[in-house]
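Chemist: Next comes the sequence, and after it the predicted model I'd like to discuss.
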Amino acid sequence: MHATSSSSAASRLPAAFHRLAWSNLCAQSAEQISLAAAPLVAVFALSANARDTGLLQTAQTLPFLLLSIPLGVWADRRSRRVLMTLAESVRVLAMLCVLLLVLTHALSLPLLAAFGFVAATGTVAYNVAAPSLVPSIVPREAYANANGRLELARSVAYSAGPAAGGLLVGWIGAGWAYGGAAALSALAVALLAGLREPPRAAVPPRHFMLELRDGTRFVLRDALLLPMLLTAVFFNLGFFILQAVYVPYAVHRLGLSASAVGVTLGAYGVGMVCGALAAPAIARRLVFGRMLVIGPTCGLLASLVMVATLIAPSFWLALASFFLLGVGPILWVVGSTTLRQAITPERMMGRVSALISTATYGARPVGALLGAVLSARWNIDACLVAAALAFLVQALIIFMSPAARLASIPEQGAAAC
């Protein structure tokens with residue numbers, strides 16, 4: 001039962017939410033360790049070039065484009081806890097298969113990409129189902145607090161995961177990195193198994209396409225959700241153009257070791273932790289709309305700092321770029337998720353989350369593929385410039401949107417016209 005006052009409800013989140021938050025930390029950590037390990041293994045063990053790592057990133061992010069909508073419809077029809085548990089179990093199996101291939105010296109780039117694709121289903125399920133589950137286990141006045149807790153856990157994972165992945169690959173070997181990822185993912189499954197999900201009212205079965213149509217119309221016709229969607233699309237496009245080529249760029253142009261690459265990638269998570277910790281104070285001092293523009297602004301600054309490394313190759317500039325990519329956008333994630341939960345009807349939460357995940361995270365494989373194509377057709381320099389242009393577009397979209405002028409979190413049906 002929820003607390004009787006707004007202040008106590010916001011400060012005392014239910015036990016089910018804490019299980020969700022801890023499982024989220026484990027699952028996100030597993031993802032980040034494996035994502036950091038994959039391009040390092042590809043470059044150092046399999047002699048991959050920028051085109052290869054771009055295609056690898058494409059494979060590891062393609063499930064967001066292909067699976068978000070089907071999993072979102074599932075999340076509206078069936079148990080969200082079961083969905084996350086099954087998907088995370090698939091990730092465990094995929095990581096164990098990579099571990100076995102590493103130990104038997106049978107790993108290849110196609111197999112690494114294939115199992116990376118399979119493992120990403122766990123992340124897709126979390127991105128779709130977790131925000132949809134929060135409103136059913138947390139009171140409305142505690143949404144922002146709950147989302148902040150989830151994003152803080154994700155920030156810790158993004159901070160420690162890449163650094164841990166780089167250190168494990170550099171010091172001990174790729175097998176330990178994937179073994180650690182599998183163990184964390186298994187712990188997430190165990191935590192989800194004990195989570196009590198409140199029952200939902202039965203809804204009459206409808207055709208998949210009708211449900212998809214309703215969710216799509218809601219997002220595209222909403223004056224607040226549409227610019228949020230477009231901003232996130234261009235942010236992910238720019239980020240993954242950069243991600244696709246960063247490891248070979250850092251190794252061959254910046255002269256960094258595997259451990260140093262892991263540290264620069266880990267700065268992204270450190271920035272996220274700093275942003276998440278600062279979020280409550282920032283939210284108290286700024287109106288809601290101004291908080292939303294901080295992330296896109298930091299993303300643009302980060303891309304310009306990375307472009308500066310073309311002129312002045314530097315570990316510290318790369319570190320600063322990834323820190324900025326984490327510190328501002330974490331405020332964006334908390335704010336945009338809270339806005340979506342506040343104005344979306346509960347019966348459509350899974351579909352709306354899925355559509356936004358499909359568009360925003362679906363931009364990841366597109367960005368990674370663009371990185372591979374641009375690096376093959378021209379060079380890595382062109383990739384960094386293209387990423388900066390995408391970050392410029394996302395900043396312009398949010399600055400010109402009505403969401404940037406919101407004084408507070410709106411009620412359902414109160415979208416700007």
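Modeler: Sure thing, it's come through.

Chemist: Check which helices and strands the helix or strand hosting residue 123 sits against.
Modeler: In the assignment (DSSP states H and E), residue 123 maps to helix 109-137. Helices and strands touching helix 109-137, as assessed by 3 or more CB pairs under 8 Å, 6 or more residues apart in numbering; DSSP states H and E, comprise helix 15-44, helix 50-77, helix 80-103, helix 143-167, helix 329-343, helix 349-377. C-betas here are computed from N, CA, C, even on glycine.

Chemist: Rounded mean pLDDT for the second one, please.
Modeler: Averaging the model's pLDDT scores along helix 50-77 yields 77.

Chemist: Who are the packing partners of that helix?
Modeler: helix 15-44, helix 80-103, helix 109-137, helix 208-221, helix 225-252, helix 349-377.

Chemist: Any idea which of these gets closest to residue 179?
Modeler: helix 80-103 (5.1 Å; CB to CB).

Chemist: before we move on, the earlier item: let me have the helices and strands packed on helix 109-137 in TSV, extended by distance to residue 182 and mean neighbour count.
Modeler: TSV is the format used below for the helices and strands packed on helix 109-137 (distance: least, CB to CB, whole Å; neighbours: other CB atoms under 10 Å):
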stretch	distance to residue 182	mean neighbour count
helix 15-44	7	24
helix 50-77	16	23
helix 80-103	4	21
helix 143-167	13	24
helix 329-343	26	24
helix 349-377	23	24
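
Chemist: If you average pLDDT over each of those, which is lowest?
Modeler: helix 143-167 (a mean of 70).

Chemist: helix or strand right after it?
Modeler: helix 174-193.

Chemist: and of the helices and strands packed on helix 50-77, who's closest to residue 323?
Modeler: helix 225-252 (13.9 Å).

Chemist: tell me the angle of the closest one relative to helix 349-377?
Modeler: Orientation check (axes from the mean of the first three to the mean of the last three CA atoms, to 10 degrees): helix 225-252 against helix 349-377 gives 40 degrees.

Chemist: Pull the distance from whatever helix or strand comes next after helix 225-252 to the chain's centre.
Modeler: Heading C-terminal from helix 225-252, the first helix or strand you meet, by DSSP H and E, is helix 258-285. For helix 258-285, the separation from the chain centroid amounts to 14 Å (computed by CA atoms, centre = their mean, to the nearest Å).

Chemist: Helix 258-285: which residues count as buried?
Modeler: 258, 260-276, 279, 283 (16 or more other CB atoms under 10 Å).

Chemist: Repeat that for stretch 293-309.
Modeler: So, applying 16+ other CB under 10 Å, buried residues of stretch 293-309: 293-303, 305-309.

Chemist: just curious, which of these is nearest to residue 244?
Modeler: residue 306 (13.0 Å).

Chemist: Skipping adjacent residues, who's closest to that closest one in space?
Modeler: Nearest non-adjacent residue to residue 306, counting by CB to CB, 6 or more residues apart in numbering: residue 321, 4.2 Å away.

Chemist: Just to check, that neighbour is in contact with residue 303?
Modeler: Yes. Using CB atoms under 8 Å, residue 321 is in contact with residue 303, at 7.4 Å.

Chemist: May I have stretch 281-300 as PDB, with CA atoms only?
Modeler: What follows is stretch 281-300, C-alpha atoms only, in PDB (Å, rounded to 0.1, in the frame of the first residue of the first chain):
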ATOM      1  CA  ALA A 281      19.400  20.000  -6.400                       C
ATOM      2  CA  ILE A 282      19.200  21.000 -10.100                       C
ATOM      3  CA  ALA A 283      15.500  20.100 -10.200                       C
ATOM      4  CA  ARG A 284      14.900  22.400  -7.200                       C
ATOM      5  CA  ARG A 285      16.700  25.300  -8.700                       C
ATOM      6  CA  LEU A 286      15.500  25.100 -12.400                       C
ATOM      7  CA  VAL A 287      12.000  24.800 -13.900                       C
ATOM      8  CA  PHE A 288      11.300  21.500 -15.500                       C
ATOM      9  CA  GLY A 289      11.800  22.600 -19.100                       C
ATOM     10  CA  ARG A 290      15.200  24.100 -18.500                       C
ATOM     11  CA  MET A 291      16.300  20.900 -16.900                       C
ATOM     12  CA  LEU A 292      15.400  19.100 -20.100                       C
ATOM     13  CA  VAL A 293      17.800  21.200 -22.300                       C
ATOM     14  CA  ILE A 294      20.900  20.500 -20.100                       C
ATOM     15  CA  GLY A 295      21.500  17.000 -21.600                       C
ATOM     16  CA  PRO A 296      21.400  18.000 -25.300                       C
ATOM     17  CA  THR A 297      23.600  21.000 -24.600                       C
ATOM     18  CA  CYS A 298      26.200  18.800 -22.900                       C
ATOM     19  CA  GLY A 299      26.000  16.300 -25.800                       C
ATOM     20  CA  LEU A 300      26.800  19.000 -28.300                       C
END
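
Chemist: Turn the helices and strands packed on helix 109-137 into TSV, including distance to residue 240.
Modeler: Shown next, in TSV, are those (distance: least, CB to CB, whole Å):
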stretch	distance to residue 240
helix 15-44	11
helix 50-77	6
helix 80-103	20
helix 143-167	15
helix 329-343	13
helix 349-377	3
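
Chemist: Mind checking these for the one nearest to residue 189?
Modeler: Using CB to CB, these put helix 80-103 closest to residue 189, at 5.0 Å.
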